[in-house]
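> Predicted model follows, preceded by the sequence.
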Amino acid sequence: MKWKLRIPMMLFIFELVSGIHQFYADMFIFKENNFLNSIQYLGALGIIFYILEKTGVHEKRVNFLIGIL
């Protein structure tokens, strides 16, 4: 059974960007304001998703077990 990489890549990107924002919290532009920090997080996710959609990485088909891992 094969499926597209869209869902596994989205989960991986959510975890990766969240981990980076938590681990390197002092590196980002908006530190004190939580609203602006959230906008920055969502902007980073949006840029990454846009790049992956334009390059066609999400359309690759992989085995179900590889997608789960």
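Yep, that arrived.
> Okay, helices next: where are they in this structure?
Counting by DSSP state H, the chain has helices at residues 6-23, 34-55, 64-68.
> Would you single out the least confident of those?
For those, the bottom mean pLDDT is recorded on helix 64-68, which sits at a mean of 69.
> re the thing from before, what would the helices of the chain look like in TSV with mean neighbour count?
Any C-beta I mention is one placed from the backbone N, CA and C, and that applies to glycine too. Below are the helices of the chain laid out as TSV (neighbours: other Cβ atoms under 10 Å):
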stretch	mean neighbour count
helix 6-23	13
helix 34-55	12
helix 64-68	11
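> Dead centre of this protein: give me the residue that sits there.
Geometric centre of the chain, nearest residue: Ile13, 2.4 Å, by Cα atoms, centre = their mean.
> Tell me who's in contact with it.
Listed by Cβ atoms under 8 Å, 6 or more residues apart in numbering, the contact partners of Ile13 are 45, 48-49, 52.
> mind checking how far it is from Ser38?
16 Å (Cβ to Cβ, to the nearest Å).
> now swap in Phe49 and tell me
16 Å.
> same deal with Arg61?
Taking Cβ to Cβ, one finds Arg61 at 34 Å from Ser38.
> Repeat that for Ile51.
21 Å.
> How about Gly56?
With Cβ to Cβ as the criterion, Gly56 and Ser38 are 29 Å apart.
> Equivalent analysis for Phe64, please.
Separation of Phe64 from Ser38 (Cβ to Cβ): 34 Å.
> With Glu32 instead?
From Glu32 to Ser38 the distance is 13 Å (Cβ to Cβ).
> ditto for Glu53
Distance from Glu53 to Ser38, by Cβ to Cβ: 22 Å.
> residues contacting Phe23?
For Phe23, the contact set (Cβ under 8 Å, 6+ apart) is empty.
> Test my guess that Phe64 contacts Trp3.
Yes - Phe64 is in contact with Trp3 according to Cβ atoms under 8 Å; the separation is 6.0 Å.
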